[in-house]
Each structure stands twice: as structure tokens, then as C-alpha cells.
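A.B. asks: Have a look; sequence and predicted model below, questions after that.
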Amino acid sequence: MQSIIHPLTLLYLSLGLITLSGFGILFLNEETILAICFFIFLYLIIQNSDVVSQALNEQKEAIRSELLTSLIKGQKNAVNAKVLINHKKYELTLGLENIFKDCDLKINKTLSAV
């Protein structure tokens, strides 16, 4: 993108600001310095819009890939937790089944002895 303002024009504007400030015509307080910095920032953004756009797109893609990786990892952890819970439930069910079988055998032995 071509420069909107010629570098010599920027030099003359800067010298003019310094001169006006030096003679006391323009007071550079916080607000005016902030306004000048803001307009310089806007100028630089406009001048480097392609570079800024490319950098933002790269950052967006990096964040997107990191988010997808985290989402996939979280889903895997959730599935593994559910599998672990189901496995523990299955082991508990088998343990209860064995207890009931033992109780049933003891009841049958007791009944057959009587």
C-alpha cells in the first residue's frame, strides 16, 4: 500500500508541533499527546493493514488449532472417565453377583441339612 502522507510532510508537521509548543501557542498536555499518539497509531494501522491482517489471521488459526486440540483432549478425558466408571460398576456388579451366589449356596446347604 502506498503512503498516504509523504515523509517530508510528516517532518514538517512534527517541526510545526515542536515550534508551536516551544512558543507556548500549543500546550501538549496528556490529552493532546494521547490524541496525537492515537492518530499516529491509526495511520500506522492503515499503512500496514496487510501485515496486521496477516498477523491476526495467523494468530486466529493458532488459537483455533489450540482450542480444537483442547476440545478433543477434553472429550477423550470425558470418555475415559465414563469408561472407568462403567468398569468399576461392572466390577461391583460381579462382586455382588458372587456374594449372592455364595449366600444362595449357603442357604441351600442349610436347607438341605435341615
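C.D. replies: Perfect, I can see it now.
A.B. asks: dump the residue contacts of the residue positioned nearest the centre of the chain.
C.D. replies: Centroid-nearest residue in the chain, with Cα atoms, centre = their mean: I63, separated by 6.1 Å. I63 is in contact with no residue at all, counting by Cβ atoms under 8 Å, 6 or more residues apart in numbering. No exception for glycine: its C-beta is placed from N, CA and C like everyone else's.
A.B. asks: SS state for it?
C.D. replies: Assigned with DSSP: H, G, I helix; E, B strand; the rest coil, I63 falls in the helix class.
A.B. asks: if I look at it, how far off is K73?
C.D. replies: Distance of I63 to K73, given as Cβ to Cβ, to the nearest Å: 16 Å.
A.B. asks: pLDDT averaged over the helix or strand hosting S53, what's the number?
C.D. replies: Assigned by DSSP states H and E, S53 falls within helix 49-113. Averaging pLDDT along helix 49-113 yields 92.
A.B. asks: And it, how far out from the chain middle?
C.D. replies: How far helix 49-113 lies from its chain's middle: 25 Å, per Cα atoms, centre = their mean, to the nearest Å.
A.B. asks: Break the chain into its domains for me.
C.D. replies: Annotated domains of the chain cover 1-47, 68-114 [automatic domain parsing].
A.B. asks: how about these in JSON lines, adding distance to Q54?
C.D. replies: Formatted as JSON lines, those follow (distance: least, Cβ to Cβ, whole Å):
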{"stretch": "domain 1-47", "distance to Q54": "13"}
{"stretch": "domain 68-114", "distance to Q54": "21"}
